[in-house]
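*Asks:* Sequence and predicted model, in that order:
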Amino acid sequence: MNLSPELYDLSNKCKELGEPIVITKDGKPELVVMSFDVYQRRLDLIKLKEKLIDAEPEGKYYTLEELDASLKKLLS
């Protein structure tokens, strides 16, 4: 399938900018167009964020002062 000249220009603009282009209709966002590289980077970033969220420990976080006080209490 060959791209029309307008789509070819849009494709080149997406690659040049390196970020999504928002196409509006009647002044309102209608479509988002991006290069495949930008799309893939965004997917990779989402996957990485999901892994980081899954890796976060659950439970309470303690300051060093709180840990020190707890240890002193246990050892006394």
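*Replies:* Yep, it's here. Numbering: from 1, shown residues only.

*Asks:* When you work out contacts or count neighbours from here on, use the C-alpha atoms and nothing else.
*Replies:* OK.

*Asks:* show me where pLDDT drops low in the protein?
*Replies:* Applying pLDDT under 70 to the chain flags residues 1.

*Asks:* how does it look with 80?
*Replies:* Where the chain drops to pLDDT under 80, the residues are 1-3, 52-62, 71-76.

*Asks:* Quick one: the helices in it, in order.
*Replies:* Along the chain, the segments classed as helices by DSSP state H run 5-17, 36-55, 64-75.

*Asks:* Export these to CSV and append columns for distance to I23 and mean neighbour count.
*Replies:* Converted to CSV, those look like this (distance: least, C-alpha to C-alpha, whole Å; neighbours: other C-alpha atoms under 10 Å):
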stretch, distance to I23, mean neighbour count
helix 5-17, 11, 13
helix 36-55, 16, 12
helix 64-75, 51, 10
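
*Asks:* T24 is nearest to which of those helices?
*Replies:* Evaluated with C-alpha to C-alpha, these place helix 5-17 nearest to T24, the distance being 14.0 Å.

*Asks:* P29: which of the helices of the chain is closest?
*Replies:* Among the helices of the chain, the nearest to P29 by C-alpha to C-alpha is helix 5-17 (16.4 Å).

*Asks:* follow-up on the earlier one: arrange the helices of the chain in CSV, one row each, with distance to P29 as further columns.
*Replies:* Shown next, in CSV, are these (distance: least, C-alpha to C-alpha, whole Å):
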stretch, distance to P29
helix 5-17, 16
helix 36-55, 18
helix 64-75, 49
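
*Asks:* So for K28, which of those sits nearest?
*Replies:* Comparing the helices of the chain against K28 with C-alpha to C-alpha, the closest turns out to be helix 5-17 (18.9 Å).

*Asks:* which residues touch that closest one?
*Replies:* Here helix 5-17 makes contact (C-alpha atoms under 8 Å, 6 or more residues apart in numbering) with 20-21, 33-35.

*Asks:* Return the member of those nearest to P57.
*Replies:* Looking at the contacts of helix 5-17 and their distance to P57, the nearest is P20, at 33.9 Å (C-alpha to C-alpha).
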